[in-house]
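Student: I would like to see how this sequence folds:
(one chain, ligands or ions: 1)
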Amino acid sequence: MKDKIIDDAIRRVYDFPKKGICFYDITGILVNPTVFNYCINKMIDFCKTLSIDAIAAIEARGFIFASPIAQKLNLPLILVRKKGKLPGEVYQASYSLEYGKATIEVHKNDIKEGQNILVLDDLIATGGTLNATKDIIEKGGANVTAFLGVVGLPFLNYKKVLKDKPIHTLIEFENE
Ligand code: AMP
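Tutor: Numbers count the residues shown, from 1 in each chain. Down below sits the predicted model:
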């Protein structure tokens, strides 16, 4: 059953950013401190079931959720950014999105060999972004322990793309 607290806070925007896409807008969570807190606590509870050394967060909405979690759990926060934003030496990966293409980068220095890393984003659609992040993390000699999102869109088949790693989301939506 859907979590009503989260469901009520997420607005559906049809045909955004392209015709045929239903955009799940999480800003309704952020403007409601009770719901935001509720989501963060649920994500913290999931993190506590794992043995992780760091959290890698996807720009930009992933940053918002990952920051309070990393701070509360006293874990390093690794930023996964769009191409050209990070000043240092980077690992890079390109991939396809539900809409469009993208390249992401992570500072080489931010990934330590042997680390167990949780990868976090606001929404998991095709899984392309998280899978590219996994490639980068593995280039750095670290491991992905699990993927975590607020929203999951399983009809876009992210489970196939992300394969054997655990995937946890707070709410899932079917094709609307
Ligand atoms: P993907 O790589 O296909 O799993 O896409 C995930 C990224 O794209 C996340 O950073 C989401 O914020 C964004 N995204 C993709 N599809 C949607 C959607 N239908 N609604 C809101 N955000 C989306």
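Student: Just give me the residue closest to the centre of this structure.
Tutor: For the chain, Asp121 is the residue whose C-alpha lies nearest the centre (CA atoms, centre = their mean; 1.4 Å).
Student: element containing it, please.
Tutor: strand 116-124 (DSSP states H and E).
Student: centre of the chain versus that strand, how much separation?
Tutor: 4 Å (CA atoms, centre = their mean, to the nearest Å).
Student: Check stretch 56-69 too.
Tutor: Mean-position distance between stretch 56-69 and its chain equals 7 Å (CA atoms, centre = their mean).
Student: pull the CA atoms of that stretch into CSV?
Tutor: These are the backbone C-alpha positions of stretch 56-69, laid out as CSV (Å, rounded to 0.1, in the frame of the first residue of the first chain):
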residue,chain,number,x,y,z
ALA,A,56,26.9,9.4,-2.7
ALA,A,57,24.2,11.9,-3.7
ILE,A,58,23.0,12.8,-7.1
GLU,A,59,22.7,16.5,-8.2
ALA,A,60,20.5,18.3,-7.4
ARG,A,61,17.5,16.9,-5.6
GLY,A,62,19.5,14.0,-4.3
PHE,A,63,21.7,16.5,-2.4
ILE,A,64,18.7,17.8,-0.4
PHE,A,65,17.8,14.4,1.0
ALA,A,66,21.3,13.1,1.4
SER,A,67,22.7,16.0,3.4
PRO,A,68,20.7,15.7,6.6
ILE,A,69,21.1,11.9,6.5
